[in-house]
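Enquirer: With the input below, show me the fold.
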Amino acid sequence: MPACLFHQHTGLLCPGCGATRSALALGDGRIIEAVQNNLLFVSGVVFGSLWILLAAMREKFSKVLFLQPFRIRLWFLWVILALLVCFGILRNLPGFEMLRPR
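Expert: Numbering: from 1, shown residues only. The predicted structure is shown next:
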């Protein structure tokens, strides 16, 4: 596994620490291990895939009102950035050991 440069230099976990192990575990079907390595990565894959599917359906069936909200907007990117920052901070705080990679 490649080492995280941020972790090597600071001793802190970045939001991406454990994502490679999580992706490999997902690829092998070990979902619990994937979640234990990086919860944000797994939830991002699930929700991102769902969002892409609904956005593609929105393009195909543009008259369906249910699908209208599924497009990327600037505020959506800010929410993702905020989630990354919060996850990066929380996983380094005492009491949030469950967010650290195994």
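Enquirer: Centre of the chain to the longest helix along the chain, how far?
Expert: Counting by DSSP state H, the longest helix found in the chain is helix 39-60. The chain centroid and the centroid of helix 39-60 are separated by 11 Å under CA atoms, centre = their mean, to the nearest Å.
Enquirer: Need the pLDDT of Ile72.
Expert: You'll see Ile72 listed with a pLDDT of 71.
Enquirer: What count of nearby residues applies to it?
Expert: Applying other CB atoms under 10 Å, we find 11 residues neighbouring Ile72. Yep, even glycine has a C-beta here, placed from its N, CA and C like the rest.
Enquirer: which non-adjacent residue is nearest it?
Expert: Of all residues not flanking Ile72 in the chain, Ala55 sits nearest, at 7.6 Å (CB to CB, 6 or more residues apart in numbering).
Enquirer: Could you list the residues in contact with the longest helix of the chain?
Expert: Helix 39-60 has contacts (CB atoms under 8 Å, 6 or more residues apart in numbering) with 15-16, 18-19, 22-23, 26, 31, 34-35, 64, 67-68, 70-72, 83-84, 87, 99.
Enquirer: ok, and for that helix, which residues are buried?
Expert: Leu39, Leu40, Phe41, Val42, Gly44, Val45, Arg58 (16 or more other CB atoms under 10 Å).
Enquirer: cool, stretch 71-91 as well?
Expert: Judged by neighbour count using 16+ other CB under 10 Å, the buried positions of stretch 71-91 are Phe87, Gly88, Leu90, Arg91.
Enquirer: Name the residues that touch that stretch?
Expert: Leu13, Cys14, Pro15, Cys17, Leu39, Leu40, Ala55, Arg58, Phe96, Leu99, Arg100.
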